[in-house]
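Peer 1: Fold the following.
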Amino acid sequence: MPLSKILDWLTNEGRSAKTDEAERRVKELESKILNDRMAAIEKASSDQNAKISDLNTKVFDSQKWIGTALIGSASFVLIILGVWSKLDMSHMEKRIDNAITNMQGQFALLAGEALKRPVIQINYQGKALNGEVFEVTPSNPSLLLGVVFLRNDGAKMAEHITIRLNASTPIPYVGYWNAVRTSDTNYPNCMSWETPVSINANDEYALEMGPLNPGDFKLQVYYNGTNSIANFKVAVKK
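Peer 2: This is a model prediction of the structure:
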């Protein structure tokens with residue numbers, strides 16, 4: 001083989017060997033760089049995961065603290081509301097009890113007032129006029145009765161009093177007595193007392209009577225939706 005070819009061959013082999021060595025070193029460098037980058041990425045990822053875990057722990061702890069605070073606040077509010085509710089209910093119950101007591105008192109008062117009523121007794125000289133018989137003589141047949149007392153023995157005032165004197169014979173009355181019509185055939189004559197009269201409880205009113213002729217009489221006193229009656233007689237003594 002010529003020397004020139006031998007030299008060319010050696011030159012080519014040397015170049016090939018250098019090229020292979022260079023390529024090997026390049027690959028080793030690339031592999032090292034890649035491994036270093038992967039390690040750095042793994043470390044960064046690990047650090048990031050640690051930070052995230054720490055952050056999650058802090059968030060969880062914060063949530064626990066906030067939840068505990070909220071539960072405590074809610075419990076406190078519920079306690080306050082419970083106490084307030086009890087106080088409010090107690091106050092309401094007292095108001096209801098007071099209202100019921102007042103209503104009962106007013107009802108008792110009204111019932112008591114409703115049960116109260118006036119009661120007029122018609123008296124003459126200290127005793128009841130009803131059933132009395134007064135005698136007159138033939139020479140003086142007119143009776144001057146005088147004063148009849150209307151006494152209220154009830155527990156309430158007697159108001160809007162109307163007084164009627166009914167007689168079987170004519171009544172020669174004057175003054176405060178006025179004649180009025182009547183449909184009572186037993187007592188065809190009637191006189192009305194025209195003076196307004198009211199009588200307090202346990203009080204009395206003096207009713208002035210005029211002269212009466214012999215006959216049957218009925219004195220009627222109307223008041224508060226009721227009336228009192230006294231029947232009496234004037235007779236000629238035999």
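
Peer 1: For this protein, give me the ranges with low pLDDT.
Peer 2: 1-23, 26, 30, 34, 40-42, 44-92, 104-105, 107-114, 174 (pLDDT under 70).

Peer 1: domain assignment for it?
Peer 2: 1-115, 120-236 (automatic domain parsing).

Peer 1: Can you check the distance spanned by the longest one, start to finish?
Peer 2: It stands for domain 120-236. Length of domain 120-236, first residue to last, Cα to Cα, to the nearest Å: 30 Å.

Peer 1: Tell me the secondary structure of Arg25, please.
Peer 2: Three-state assignment for Arg25 (DSSP: H, G, I helix; E, B strand; the rest coil): helix.

Peer 1: what's the neighbour count on it?
Peer 2: Using other Cβ atoms under 10 Å, Arg25 is surrounded by 10 other residues. Using the backbone N, CA and C atoms, a C-beta is placed for each residue, glycine as well.

Peer 1: just Met103 next, same as before
Peer 2: With other Cβ under 10 Å as criterion, Met103 counts 10.

Peer 1: residues contacting Val197?
Peer 2: Val197 is in contact with 150, 161, 163, 205, counting by Cβ atoms under 8 Å, 6 or more residues apart in numbering.

Peer 1: got a markdown table for those, with neighbour count, secondary structure and distance to Cys190 too?
Peer 2: A markdown table is the format used below for the contacts of Val197 (neighbours: other Cβ atoms under 10 Å; DSSP: H, G, I helix; E, B strand; the rest coil; distance: Cβ to Cβ, whole Å):
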| residue | neighbour count | secondary structure | distance to Cys190 |
| --- | --- | --- | --- |
| Leu150 | 24 | strand | 18 |
| Ile161 | 21 | coil | 16 |
| Ile163 | 23 | strand | 11 |
| Tyr205 | 19 | strand | 20 |
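
Peer 1: Let me know the closest of those to Met191.
Peer 2: The shortest gap between Met191 and any of the contacts of Val197 belongs to Ile163, at 8.9 Å (Cβ to Cβ).

Peer 1: Just give the nearest non-adjacent residue to that closest one, would you?
Peer 2: Once flanking residues are discounted, Ile163 sits nearest to Trp193: 3.7 Å by Cβ to Cβ, 6 or more residues apart in numbering.

Peer 1: Mind giving me the packing neighbours of the helix or strand containing Leu144?
Peer 2: Per DSSP states H and E: Leu144 is located in strand 143-152. Contacts defined by 3 or more Cβ pairs under 8 Å, 6 or more residues apart in numbering; DSSP states H and E place strand 143-152 against strand 120-124, strand 133-136, strand 203-212, strand 226-236.

Peer 1: Do a quick rundown of the helices in the protein.
Peer 2: 3-115 (DSSP state H).

Peer 1: quick one on the thing from earlier: among the helices and strands packed on strand 143-152, which is nearest Arg181?
Peer 2: strand 226-236 (18.5 Å).
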